[in-house]
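K.L.:
Can you look at this prediction? I've put the sequence above it.
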Amino acid sequence: MTDFQVPSWGYWVMGVGFIVFIALLVAYIHKNRGFKRPFFASPYVLWLIVFTVLPCLLVCYFSFTDPAGNFTLDNFKNFWDSNYNARKAIDPAELDTYLSMGLTLNDLGLARNSINIDTLVFSLWMAFLCTVICLLLGYPAAHIMADRDFKLGPTLVILFIVPMWMNFLLRTIAMMSLLEDNGLINTILEWVGIGRQKLLNNTAAVQVGMIYNFLPFMVFPIYNVLNKMDYKLSEAAMDLGCDKWHTFYKVTLPLSVPGIVSGITMVFMPAVTTFYISRLLGGGKVQLFGDLIEAKFLSTSVTEWNVGSALSLLMMILILASLGLLRKADPKGEGGGIV
Amino acid sequence: MPEINVPRLEFTSMEEQPRLITLKGITKAYDGVTVLDHINLYIRKKEFVTLLGPSGCGKTTTLRIIGGFENPDEGSVIFDGQDITGVPPYKRRVNTVFQKYALFPHLNVADNIAFGLKLKKTPRDEIRQKVDRMLDLVNMSGYGKRSVESLSGGQQQRIAIARSLVNEPEVLLLDEPLGALDLKLRKEMQLELKSMQQRLGITFLYVTHDQEEALTMSDTIVVMQGGRILQIGTPKGIYDEPKNAFVANFIGESNIIPGTMIRDELVEFCGTKFACVDEGFGENTPVDVVIRPEDIVLVGEDVGHLTGVVRSVLFKGVHYEMMIEAGGILWKVHSTAMEPEGSRVGLSVVPFNIHIMHKMEEGEKK
């Protein structure tokens, strides 16, 4: 583990913050001569400060400092070139000696390495694919479930919810055993005569796992919007001359945009930050940005916490930016998502 | 099954118009419950027909079957000589104004109205002209760019009507379109709708449970109950000659009293014999006697057919509504002159205003 130290001023900040909090509380109780509803929200406020605001601030702090606590932008440079810190750590004289011996930076393992950026791009691509496939699979599913004439709709909804009662790790492990060399799917494939396939430990397996895990998050926001939609609207469209297809793309689809936006958000965000699915189903061969950050924080190297924080911060900025964009598409939050 | 084909009681100029829609033996059941029981009805060109009845009488289902949103279990819908049973809504030359308007929230007012025209690939300029003309027609010019959600209920209703009328349908179906409006606006819209219908010469089929609305606007009223048609006629015909106690009670207010038809033109109720104008009920037949509250005349205590005591008085604006106990029955009487509570009065009815009806069969009552 890293010998993580709270900077000396950190205690002061926390101490002063706590005193201010208590003072505000006392002033508030005094002013209202008793307890009012907002008072009862204070535990949640405290909770949010301790477990959300503070960690975010710490991530910011770490990403802009070196292990000694000095301000630096090296962590971000390290994002661009993962060997930046290593190259900086080596004694320049020593480096010159090596170089004069005819070795290149590449031989020394110090040349620019773009693994961080490559992983981010790959993660974004995987998340994008996952979102698109979830949308293509999820929209028809939601549409079928929300159909007033389809009597099995509510049952389907339950069937979609039930797996979500299980921990997603368990589900992923179950997925692993399905895809195994001697797993159920391979057994069936062999029995059918296609023969056993290599299904596990590749990108496709990770993608399948992601889709399986995140599909409900696409289906439900869309289902909610479609279900709440006044069916008279589609009747009105038919009345005015729309056949089924025109009714769908002139009325139903535009009105379900909030659900789609919400679904995209709820799938893309966890998909781009996911890390355990790739570990279990990718067999270590597939690395996503989440895995990278996790590795940084589990690493024993001193600088890695700071680099990991920088990566996390970049990820957060990326997500906030995409949320901002999506919010533009659904300003009223009709999709019922967490946008 | 009584009264499948109810003959019209009075004929107006509508009689010269050809029949546009004919319903033949329409039957519809949901989950085994019959909502429409062999409905036969025809609607003439340019006619304003109102389906009137309490909720659950099948009037909306009838409308939806004509609109194509429901298919009848039995029977057929004939439109302009062609059987259109089973034809989807988008291929029918009718348009519907829905109860809660069903305007498209993602489109502005002009795009809502242009919806049907755009589907027909009407040229842009023509669409603009027609939309403007429609906005004019419903007194909403200048509202084209507004979002439909920013409009009041009455305005949304006008847009819904404009959206339907712009397609120049042969029949406009209206499903309680004024139900969500307040009384004053509703009355205004009634007159507006009626004048619009007369100007455009379009057939209107109007569904309502509001008898006053039906009386104000219709050429023909179809009174429905329990999935059957009870009576078809002009507003005046139905008001003056209700076919049974249910219709009498539903159209306007009525005193309905059990009585006995002694012989033609003589009826007995409240222990008194009254002269009337009805014939053909046989002798000593139990009947329902219907007397409108405004047809009872208050006279001196000694002069009336019946003597009673005023139990309560309500001021109703134009008239007073008095409950008068006479002959063991509480009579509802409308009069512009007020008699104080507790005073003794005489009640008198002219023979013409005593309406005799067959007792309703058990099945019809519920």
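P.N.:
Thanks, I have the structure now.
K.L.:
if I pick the residue nearest to residue B:300 when sequence neighbours are not counted, what's in contact with it?
P.N.:
Using Cβ to Cβ, 6 or more residues apart in numbering or on different chains and skipping residues adjacent in sequence, the residue nearest residue B:300 is residue B:346, 5.5 Å away. Placement of C-beta: from N, CA and C, glycine included. Residues in contact with residue B:346 (Cβ atoms under 8 Å, 6 or more residues apart in numbering or on different chains) are B:298-308.
K.L.:
Buried residues, the strand or helix carrying residue B:346. List them.
P.N.:
Take DSSP states H and E as the rule and residue B:346 turns out to sit in strand B:344-348. Neighbour counts over strand B:344-348 (16 or more other Cβ atoms under 10 Å in any protein chain shown) mark B:345-347 as buried.
K.L.:
what does stretch B:76-83 give?
P.N.:
For stretch B:76-83, by 16+ other Cβ under 10 Å, it's B:77-79.
K.L.:
Please put the alpha-carbon coordinates of that stretch into CSV.
P.N.:
C-alpha atoms of stretch B:76-83 as CSV (Å, rounded to 0.1, in the frame of the first residue of the first chain):
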residue,chain,number,x,y,z
SER,B,76,-71.2,-3.8,-40.5
VAL,B,77,-70.4,-0.2,-41.0
ILE,B,78,-71.5,1.2,-44.4
PHE,B,79,-69.9,4.4,-45.5
ASP,B,80,-71.2,6.0,-48.7
GLY,B,81,-72.5,2.7,-50.0
GLN,B,82,-69.3,0.8,-49.2
ASP,B,83,-68.7,-1.6,-46.4
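K.L.:
Can you give me the domain boundaries for chain B?
P.N.:
B:13-245, B:257-359 (automatic domain parsing).
K.L.:
out of those domains, deepest packed?
P.N.:
Per-stretch averages of neighbours, counted by mean count of other Cβ atoms under 10 Å in any protein chain shown, single out domain B:13-245 among those, with a mean of 19.
K.L.:
any idea of the mean pLDDT for that one?
P.N.:
On average, the pLDDT along domain B:13-245 is 90.
K.L.:
Tell me the secondary structure of whatever residue of the stretch 201-350 of chain B ends up closest to chain A, please.
P.N.:
Nearest residue of the stretch 201-350 of chain B to chain A, counting by Cβ to the nearest Cβ: residue B:205, 13.5 Å away. Three-state call for residue B:205 (DSSP: H, G, I helix; E, B strand; the rest coil): strand.
K.L.:
mind checking which helix or strand of chain A has the lowest mean pLDDT?
P.N.:
helix A:37-40 (a mean of 71; mean pLDDT, DSSP states H and E).
K.L.:
Residues contacting the very next helix or strand once past that one, please?
P.N.:
Next helix or strand after helix A:37-40 toward the C-terminus (DSSP H and E): helix A:42-48. Residues from elsewhere that reach helix A:42-48 (Cβ under 8 Å, 6+ apart): A:21, A:25.
K.L.:
for the next helix or strand after helix A:42-48, packing partners?
P.N.:
Downstream of helix A:42-48, the first helix or strand assigned by DSSP H and E is helix A:54-63. Packing contacts for helix A:54-63, counted by 3 or more Cβ pairs under 8 Å, 6 or more residues apart in numbering or on different chains; DSSP states H and E, involve helix A:74-80, helix A:304-329.
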